[in-house]
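>>> Below are the sequence and a predicted model; questions follow.
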Amino acid sequence: MDRTIFSEDHDLFRKSFRTFLEREVVPNQMRWIEAGIVDREVWRKAGAAGFLCPWLETEHEGAGGDFLHSCVVVEELGRVYESGLALSLHSDIIVPYIHAFGSDEQKRRWLPGCASGDLVTALAMTEPGTGSDVAAIATTARRDGDHYVINGAKTFISNGILCDLCIVAAKTEDGAENRHRALSLIVVEADRPGFIKSKKLKKLGQLAQDTAELTFEDCRVPVANRLGEEGAGFFMLMNKLQRERLVVAMIAQAQAEQVVKDTIAYTKERKAFGKPISKFQNTQFKLVECATKVEVGRAFLDRLITEHLAGKDLIKECSMAKIWQTEMASEVVDECLQLFGGYGYMLEYPVARAFMDARVQRIYAGTNEIMKTIIAKQLDL
Ligand SMILES: Cc1cc2nc3c(=O)[nH]c(=O)nc-3n(C[C@H](O)[C@H](O)[C@H](O)COP(=O)(O)OP(=O)(O)OC[C@H]3O[C@@H](n4cnc5c(N)ncnc54)[C@H](O)[C@@H]3O)c2cc1C
């Protein structure tokens with residue numbers, strides 16, 4: 001089906017981002033996978049070309065676009081199977097916290113750098129002792145005059161090594177009275193003493209992404225770095241997680257679409273028993289099933305993107321998309337990998353990387369089980 005959500009301007013933006021990826025990303029992918037991290041410089045190049053926070057207003061030195069420009073970035077990264085360069089995590093999940101909850105002074109201080117690529121961001125919620133249960137965070141931020149003193153450990157933090165700014169969820173109260181009012185969000189600059197990037201983690205997929213453990217040891221941060229009110233951290237996180245789930249659904253959808261396209265092309269080329277494997281009925285049925293799932297998923301997602309742009313409250317629908325799109329992508333990528341035979345298991349074949357990358361989407365941004373608890377509440381169960 002033809003897509004109707006994009007304008008001519010988005011199409012031009014897509015063309016230029018595609019060129020950027022072919023020039024600055026694709027030739028480096030295998031090297032980044034080996035290194036377990038992307039080049040710091042590619043962030044600045046992406047910023048200089050207007051591909052970071054494309055929705056950010058020009059008054060903050062952004063490109064003045066909208067969320068659909070971000071959708072283009074997600075789709076095109078999916079097209080080239082790039083999962084290490086976490087542009088959408090930065091642009092569409094983390095920077096929006098500063099944009100939505102930052103004071104004017106904080107926005108002036110940080111947003112231009114977020115758009116230029118001088119400031120790469122991370123968001124540190126998860127800890128060794130807690131992930132799904134956000135209100136159980138144990139990291140503390142003790143007030144000492146006009147500073148907070150942060151102590152604690154975070155794990156699984158995307159962009160953990162490259163980040164220049166990290167939004168840290170920490171307890172500013174003990175939470176004995178109300179654990180949901182104990183958390184605050186504090187922006188910590190990476191060069192502050194006591195902020196330690198402890199370890200880059202080895203993972204099953206997203207091999208070029210610098211997911212890391214972070215430690216805070218008596219890390220002093222000015223109170224002026226807190227986003228929003230003290231104790232409002234949990235509510236700010238809940239407010240923005242809807243967008244995060246939508247973005248993860250978009251990534252999964254883009255990945256599944258590209259894998260189906262590439263598998264169709266591969267099965268027409270690859271021969272067995274004297275004919276292209278696309279001529280076997282099993283291949284056709286599998287690809288038809290995958291193509292149908294992708295097409296149905298796209299219709300739902302484009303509708304959701306449109307309603308999100310219109311400012312609708314979509315907690316239930318975004319959680320549904322997070323489940324449906326990520327499970328669909330896992331199934332589709334698995335079926336397609338099978339059609340590549342042994343080549344599908346080789347890292348140099350993008351479908352192998354898609355297989356590894358797809359798995360985590362059912363885990364992060366709130367596990368799919370947590371999504372079900374949210375939807376159950378929305379259904380008044
Ligand atoms: C590659 C990667 C990148 C990540 N990036 C970030 C990041 O940038 N920042 C960040 O803060 N975190 C990040 N995370 C952490 C991620 O969000 C958490 O791993 C996730 O929320 C799950 O938390 P957990 O690992 O502690 O699992 P747990 O919360 O311990 O869950 C374990 C199992 O129990 C289930 N479970 C838990 N509670 C319930 C319930 N109420 N009902 C039913 N089942 C339940 C879960 O669904 C899961 O299956 C990342 C994780 C990975 C793997």
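Received, thanks. Keep in mind it's a predicted model, so treat the numbers as computed, not measured. Numbers count the residues shown, from 1 in each chain.

>>> which residues are contacting stretch 330-348?
Residues from elsewhere that reach stretch 330-348, judged by CB atoms under 8 Å, 6 or more residues apart in numbering: 30, 33, 255-256, 259-260, 262-263, 266-267, 270, 277, 283, 286-287, 289-290, 293-294, 349, 351-355, 358-359, 361-362. C-beta: built from backbone N, CA, C; applies to glycine.

>>> Dump it to PDB, keeping only the CA atoms.
The C-alpha coordinates for stretch 330-348 follow below in PDB (Å, rounded to 0.1, in the frame of the first residue of the first chain):
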ATOM      1  CA  SER A 330      11.600 -11.700  15.700                       C
ATOM      2  CA  GLU A 331       9.300 -14.200  13.800                       C
ATOM      3  CA  VAL A 332       9.900 -12.700  10.400                       C
ATOM      4  CA  VAL A 333      13.700 -12.400  10.800                       C
ATOM      5  CA  ASP A 334      13.900 -16.000  12.000                       C
ATOM      6  CA  GLU A 335      11.800 -17.300   9.100                       C
ATOM      7  CA  CYS A 336      13.900 -15.300   6.600                       C
ATOM      8  CA  LEU A 337      17.200 -16.400   8.100                       C
ATOM      9  CA  GLN A 338      16.100 -20.000   7.400                       C
ATOM     10  CA  LEU A 339      15.700 -19.200   3.700                       C
ATOM     11  CA  PHE A 340      19.300 -18.000   3.500                       C
ATOM     12  CA  GLY A 341      20.500 -21.400   4.600                       C
ATOM     13  CA  GLY A 342      24.000 -21.500   6.100                       C
ATOM     14  CA  TYR A 343      24.700 -17.900   4.800                       C
ATOM     15  CA  GLY A 344      22.000 -16.700   7.100                       C
ATOM     16  CA  TYR A 345      24.200 -17.700  10.000                       C
ATOM     17  CA  MET A 346      27.200 -15.700   8.800                       C
ATOM     18  CA  LEU A 347      27.800 -12.300  10.300                       C
ATOM     19  CA  GLU A 348      28.700 -10.800   7.000                       C
END
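
>>> Please produce a PyMOL select command covering the buried subset of the contacts of stretch 330-348.
What follows is the PyMOL syntax selecting those of the contacts of stretch 330-348 that are buried according to 16 or more other CB atoms under 10 Å:
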select buried, resi 33+255+256+259+260+262+263+266+267+277+283+286+287+290+293+294+349+351+352+353+354+355+358+359+361+362
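
>>> what does the protein have sitting close to the ligand?
123-126, 131-132, 156-158, 203, 206, 211, 360, 363-364, 366-367, 369-370, 373 (CB under 6 Å from any ligand atom).

>>> Just the buried subset of these, please.
Neighbour counting by 16+ other CB under 10 Å classes 123-126, 131, 156-158, 206, 211, 360, 364, 366, 370 among the residues of the chain next to the ligand as buried.

>>> Quick one: residues contacting the nearest residue to residue 160 once chain neighbours are set aside.
Nearest in space to residue 160, with sequence neighbours left out and distances taken as CB to CB, 6 or more residues apart in numbering, is residue 212 at 2.6 Å. Taking CB under 8 Å, 6+ apart as the contact definition, residue 212 lies against 157, 160, 161, 197, 198, 199, 200, 201.

>>> now do residue 195
Listed by CB under 8 Å, 6+ apart, the contact set of residue 195 reads 166, 188, 189, 214, 216, 219.

>>> The single nearest residue of the stretch 101-250 of the chain relative to the ligand - nearest residue in space that isn't next to it in sequence?
Nearest to the ligand in the stretch 101-250 of the chain, going by CB to the nearest ligand atom, is residue 131, at a distance of 2.0 Å. Nearest-residue entry for residue 131: residue 156, 7.5 Å, with adjacent residues in sequence omitted and distances by CB to CB, 6+ apart.

>>> host element of that neighbour?
Residue 156 belongs to strand 147-157 when assigned by DSSP states H and E.

>>> Tell me which helix or strand comes right after that strand.
Toward the C-terminus, strand 147-157 is succeeded by strand 165-171 as the next helix or strand (DSSP H and E).

>>> Quick one: mean pLDDT for that following strand?
Model confidence over strand 165-171, given as mean pLDDT, is 98.

>>> Neighbouring strands - and their directions - for the next helix or strand after that strand?
Tracing the chain past strand 165-171, the next element assigned as helix or strand by DSSP H and E is strand 183-189. Pairing partners of strand 183-189, with direction, according to DSSP bridges: strand 165-171 (antiparallel), strand 226-227 (antiparallel).

>>> Quick one: closest of these to residue 377.
Relative to residue 377, the nearest member of those by CB to CB is strand 165-171, separated by 21.8 Å.

>>> CA atoms only: put that closest one into PDB for me.
Coordinates of the C-alpha atoms in strand 165-171 are reproduced here as PDB (Å, rounded to 0.1, in the frame of the first residue of the first chain):
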ATOM      1  CA  LEU A 165      25.600  13.800  29.100                       C
ATOM      2  CA  CYS A 166      23.800  11.100  31.100                       C
ATOM      3  CA  ILE A 167      20.300  11.600  32.500                       C
ATOM      4  CA  VAL A 168      20.400   9.700  35.800                       C
ATOM      5  CA  ALA A 169      17.400   8.500  37.700                       C
ATOM      6  CA  ALA A 170      18.300   8.700  41.400                       C
ATOM      7  CA  LYS A 171      16.500   8.800  44.700                       C
END
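
>>> Show me what stretch 13-20 is in contact with.
Surrounding stretch 13-20, the residues in contact under the criterion CB under 8 Å, 6+ apart are 6, 45-46, 49, 51, 54, 65, 69, 72-73, 75-76, 79.

>>> Output those as TSV; include the columns secondary structure and pLDDT.
Written out in TSV, the entries for the contacts of stretch 13-20 read as follows (DSSP: H, G, I helix; E, B strand; the rest coil; pLDDT from 0 to 100):
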residue	secondary structure	pLDDT
6	coil	97
45	helix	98
46	helix	98
49	coil	97
51	coil	98
54	coil	97
65	coil	97
69	helix	98
72	helix	98
73	helix	98
75	helix	97
76	helix	98
79	helix	97
